[in-house]
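**Q** Would you be able to build a 3D model of this:
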Amino acid sequence: MSREVKILYVAEGEDGVRIDKFFKRRWPHLNHIQLNKLLRSGQVRVDGARAKADTRLSTGQSVRVPPLPDAPSEEQQKRERAELSPQEVRYAKSLVLYEDEDVIAINKPSGLAVQGGTKTKNHIDRLLSAWGEGLERPRLVHRLDRDTSGVLLLGKSPSAAARLAGAFAKRKAYKTYWALVAGTPDPKEGVIDVPLVKKGINDREMVMPADPKEPGAEAAETEYVTISRAAHRLAWMALRPHTGRTHQLRAHMQAIGHCILGDPKYKDEKSIALSEGLGLQLHHRRIEIPHPTHGTLIVEAPLDPVIQAGFDRYGFDEHEASPEPFRKATRASRR
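**A** Residues are numbered from 1 along each chain as shown. Modelled structure (predicted):
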């Protein structure tokens, strides 16, 4: 790792660029986790002030660049790629839900991280070598938490990835998550509009409700619809995030008193009592998004064994649900 702190200045052609893009263009070996850690700890500063990932730069501003991890050598990269065994290649291809010349959609299993970190060597990003390297290598355009299963989209070319990422940024991607939560929300459907802020608690970072004026607070909005109930003990919910904050769905359900079952972080006594032996009961069921080159792409992911265990325990059948419960809720609200 370089020990040198650098001060760089934003060029005219970089005016309006987000700070995370500024870093990725110069140091593409930095992964999402490494860069976020530098930002959260205040090591990256713009004109002397702490920066967040979505901070936009202006021409002439100074950017403090802290010591960065060294890029892996070409030999090391080749060695890591060579470690992808034939079995791992077959496994990666087995996750595919849909593929065409522009897009790959996979069903990410619960427990498999999307990107690597210091202690995470097996992850989706590594498995993408199954499709090749260079321009042949698919590109991640969004993320899911390690323990969240379901649809994950990849762009098969730089242009396809950019169009997909743009659709997410412009909120043109309609995501439907399924979750089992403690208790039964009242009303049965609605919108959770609660700002969130990241805070360190007992050496762990959590996302918590915040006052809109609190430093670091970000607007966050989640739409929800109750699909079914198991008496008054728990509910099967459809959740749609209108913003993309870290742990948004998990923190929002905790904020309204209905924690997602199996969540080791965002929990309460009710959810703990209902979660024995269960993993996180959160699944990215469906996505509807403009296709990079034509029409609309709609992909659904079958239930992962982790959330299927919860469905089996509490008697829910995935075929009971409408493919698009939010459209039905919107029509009902207009009557």
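**Q** Tell me where the stretch 201-335 of the chain has helices.
**A** Counting by DSSP state H, counting those that start in this stretch, the stretch 201-335 of the chain has these helices, from start to end: 248-255, 269-274, 305-314, 325-334.
**Q** and the third one, what does it pack onto?
**A** What it means is helix 305-314. Contacts defined by 3 or more Cβ pairs under 8 Å, 6 or more residues apart in numbering; DSSP states H and E place helix 305-314 against strand 174-182. (Glycine included, C-beta is placed from N, CA and C.)
**Q** change it to 10 Å
**A** strand 149-155, strand 174-182, strand 221-230, strand 234-241, helix 269-274, strand 282-290 (3 or more Cβ pairs under 10 Å, 6 or more residues apart in numbering; DSSP states H and E).
**Q** can I get these in a markdown table with mean pLDDT?
**A** Supplementary listing: these in a markdown table, determined by pLDDT from 0 to 100:
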| stretch | mean pLDDT |
| --- | --- |
| strand 149-155 | 97 |
| strand 174-182 | 97 |
| strand 221-230 | 96 |
| strand 234-241 | 97 |
| helix 269-274 | 96 |
| strand 282-290 | 97 |
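**Q** now the ones you listed in TSV, with distance to Arg126 and mean neighbour count?
**A** Converted to TSV, the helices and strands packed on helix 305-314 look like this (distance: least, Cβ to Cβ, whole Å; neighbours: other Cβ atoms under 10 Å):
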stretch	distance to Arg126	mean neighbour count
strand 149-155	13	25
strand 174-182	24	24
strand 221-230	31	19
strand 234-241	26	23
helix 269-274	32	16
strand 282-290	20	23
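**Q** Out of the ones you listed, which is closest to Lys93?
**A** strand 149-155 (12.5 Å; Cβ to Cβ).
**Q** What are the buried residues along the next helix or strand after that closest one?
**A** Remark: after strand 149-155, the chain's next helix or strand is helix 158-169, criterion DSSP states H and E. Residues Ala160, Ala161, Arg163, Leu164, Ala165, Ala167, Phe168 are the ones in helix 158-169 that count as buried (16 or more other Cβ atoms under 10 Å).
**Q** so of the helices of the stretch 201-335 of the chain, which one's packed in deepest?
**A** helix 248-255 (a mean of 24; mean count of other Cβ atoms under 10 Å).
**Q** what's the angle from it to strand 174-182?
**A** Orientation of helix 248-255 against strand 174-182 (axes from the mean of the first three to the mean of the last three Cα atoms, to 10 degrees) gives an angle of 40 degrees.
**Q** I'd like the buried residues of helix 158-169 laid out as a markdown table, including pLDDT and distance to Val46.
**A** As requested, the buried residues of helix 158-169 are exported to a markdown table (pLDDT from 0 to 100; distance: Cβ to Cβ, whole Å):
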| residue | pLDDT | distance to Val46 |
| --- | --- | --- |
| Ala160 | 91 | 31 |
| Ala161 | 91 | 27 |
| Arg163 | 91 | 29 |
| Leu164 | 93 | 28 |
| Ala165 | 90 | 23 |
| Ala167 | 92 | 28 |
| Phe168 | 90 | 24 |
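**Q** circling back: between the helices of the stretch 201-335 of the chain, which one is nearest to Glu223?
**A** Closest among these, using Cβ to Cβ: helix 325-334, at 6.2 Å.
**Q** Now do that closest one, average pLDDT.
**A** Averaging pLDDT along helix 325-334 yields 58.
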